[in-house]
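Visitor: Quick one: sequence and predicted model below, then my questions.
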Amino acid sequence: MAAPVELLLLLLGLAARGPAPAAALKMKVVEEPNTFGLNNPFLPQTSRLQPKREPSPVSGPRHFSQLSGKCFSLVESTYKYELCPFHNVTQHEQTFRWNAYSGVLGVWHGWDIVNNSFAAMWMRDGDSCRGRSRQSKVELACGKSHRLAHVSEPSTCMYALTFETPLACHPHALLVYPALPEALQRRWDKVEQDLADGLITPQAHAELTSEVARLSGLLSRHGIPHTRPTGLPAPPGDGV
């Protein structure tokens, strides 16, 4: 039997070592959805989404400028898409993977013009994808409210979005002419009058009106304008 002093020293030694680890005790790991990207203000700036360039200036129908600074989202499958008109389009993978994807699908670039009307918004210079940049084409449609209605990827790195808005419902809501500066409106008037007088062909009319839109800075610089002749009557103006 140990002496009282030795027993006291033994007990003190065990107390100093602390309690023995519980082999059966396991730490619970709580998994949370990925928050990397624009929605996490606690990440350092270098870890957040970084567009390649600043968006182009706001342009197009004047009443559409109210959409600047607003964003609209849609969740399809495991992805959340976010459209910020006149700013960019982003995609966020909604999974528990530690490296869930978040990226920029395009930065506001310019308009696609069809039949002398604004038909779609081009978002270009997105994140790299197989040696090129991702890009998105945002088609406009009449709707009861502002909403991102549909997103698809018709080809690799190329995205097609449909944005519904009451701003597109009026028959003249998307006409190019009202968005032109006064000097270019006069030039447009002359082209329309020349077509009406038979001085130019419908093909020349389409090319000349497309050129006016290009001079105004409305067209997507790297896109192919899809302006087609329509025989649209000359809008009211002072003409040349």
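Guide: Received, thanks.
Visitor: For the residue nearest the centre of the chain, give me its contacts.
Guide: Computing the C-alpha centroid of the chain and ranking residues by CA atoms, centre = their mean puts residue 89 first, at 1.8 Å. When contacts are counted by CB atoms under 8 Å, 6 or more residues apart in numbering, residue 89 touches 81-83, 104-106, 123, 126, 136, 138, 159, 161. From N, CA and C alone the C-beta is placed, and that goes for glycine too.
Visitor: again, but for residue 207
Guide: Applying CB under 8 Å, 6+ apart, no residues contact residue 207.
Visitor: ok now the particular helix or strand that has it in it, how far from the chain's centre?
Guide: In this structure, residue 207 sits in helix 202-215 according to DSSP states H and E. Relative to its parent chain, helix 202-215 has a centroid offset of 28 Å by CA atoms, centre = their mean, to the nearest Å.
Visitor: So for that helix, what gets flagged as buried?
Guide: 205-206, 208-214 (16 or more other CB atoms under 10 Å).
Visitor: and that helix, average pLDDT?
Guide: Across helix 202-215, pLDDT averages out at 90.
Visitor: cool, stretch 88-108 as well?
Guide: 88.
Visitor: List the buried residues of that stretch.
Guide: 88-93, 100, 102-108.
Visitor: Turn those residues into a markdown table, columns for secondary structure and distance to residue 166.
Guide: Shown next, in a markdown table, are the buried residues of stretch 88-108 (DSSP: H, G, I helix; E, B strand; the rest coil; distance: CB to CB, whole Å):
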| residue | secondary structure | distance to residue 166 |
| --- | --- | --- |
| 88 | strand | 23 |
| 89 | strand | 21 |
| 90 | strand | 24 |
| 91 | strand | 26 |
| 92 | strand | 27 |
| 93 | strand | 31 |
| 100 | coil | 34 |
| 102 | strand | 31 |
| 103 | strand | 30 |
| 104 | strand | 28 |
| 105 | strand | 25 |
| 106 | strand | 24 |
| 107 | strand | 26 |
| 108 | strand | 21 |
